[in-house]
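Student: Coordinates only, no sequence provided:
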């Protein structure tokens, strides 16, 4: 099976440490990791080997829209974070998705590059790009202090 990938790069008008905190602090992550009409919950232990869990629930009917589970593989605060999204039903599943966040200072702000590589079906990767860009629209508002 061929390896698939998606990459999204955005520049945020916020210091790198602020963007980093928004990614690893569960109280902040739940404010931007999702879409309108969705409530997100998260548990984050941001250290190598630490676990990450998040769930998105539809506000209208309470149904689970998506869930994510995995472990942090590498952390170089506040520059790089690597996590593996594993199959929550079967952590031994070899079809793990590897997500890498790279943050760097640019012109008084932060360039954030998200790179995901794995083995999902081809049609999933354009949806990942669309979804992450939607998350980043909300992250931009969160960093500007406009949540909700």
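Tutor: Cool, got the structure. Predicted, not measured: the structure shown is a model, and the values here were computed from it. Residues are numbered from 1 along each chain as shown.
Student: switch to C-alpha atoms for all contacts and neighbour counts from now on
Tutor: Will do.
Student: List the neighbouring strands of the longest strand along the chain plus their orientation.
Tutor: Longest strand in the chain by number of residues, with DSSP state E as the criterion: strand 64-76. Strand pairing for strand 64-76, using DSSP bridges, gives strand 51-58 (antiparallel), strand 80-85 (antiparallel).
Student: Contacts for the last one, please.
Tutor: Contacts of strand 80-85 with the rest of the structure, by CA atoms under 8 Å, 6 or more residues apart in numbering, involve 68-75, 96-103.
Student: do the same with the longest one
Tutor: Residues lying outside strand 51-58 but in contact with it, judged by CA under 8 Å, 6+ apart, are 34, 37-46, 63-72.
Student: at 6 Å instead, please
Tutor: 38-45, 63-71 (CA atoms under 6 Å, 6 or more residues apart in numbering).
Student: average pLDDT across that strand?
Tutor: The average pLDDT within strand 51-58 is 94.
Student: tell me how far it is from the chain's mean position?
Tutor: Between the centre of strand 51-58 and the centre of its chain there are 11 Å (CA atoms, centre = their mean, to the nearest Å).
Student: Could you check how far the spatially closest residue to residue 77 that is not a sequence neighbour is from residue 78?
Tutor: Closest residue to residue 77 apart from its sequence neighbours, by CA to CA, 6 or more residues apart in numbering: residue 20 at 7.6 Å. Distance, residue 20 to residue 78, using CA to CA, to the nearest Å: 6 Å.
Student: same check, this time on residue 133
Tutor: Taken as CA to CA, the span from residue 133 to residue 78 is 21 Å.
Student: Repeat that for residue 10.
Tutor: In terms of CA to CA, residue 10 sits 16 Å off from residue 78.
Student: still on that earlier bit, residue 20 and residue 78: who's more crowded?
Tutor: The residue with more neighbours, out of residue 20 and residue 78, is residue 20; 20 against 16, by other CA atoms under 10 Å.
Student: element containing that one?
Tutor: helix 16-24 (DSSP states H and E).
Student: Next SSE downstream of that helix?
Tutor: helix 26-32.
Student: quick revisit: separate out the buried members of the contacts of strand 80-85.
Tutor: Taking 16 or more other CA atoms under 10 Å as the criterion, what is buried in these is 69-75, 96-103.
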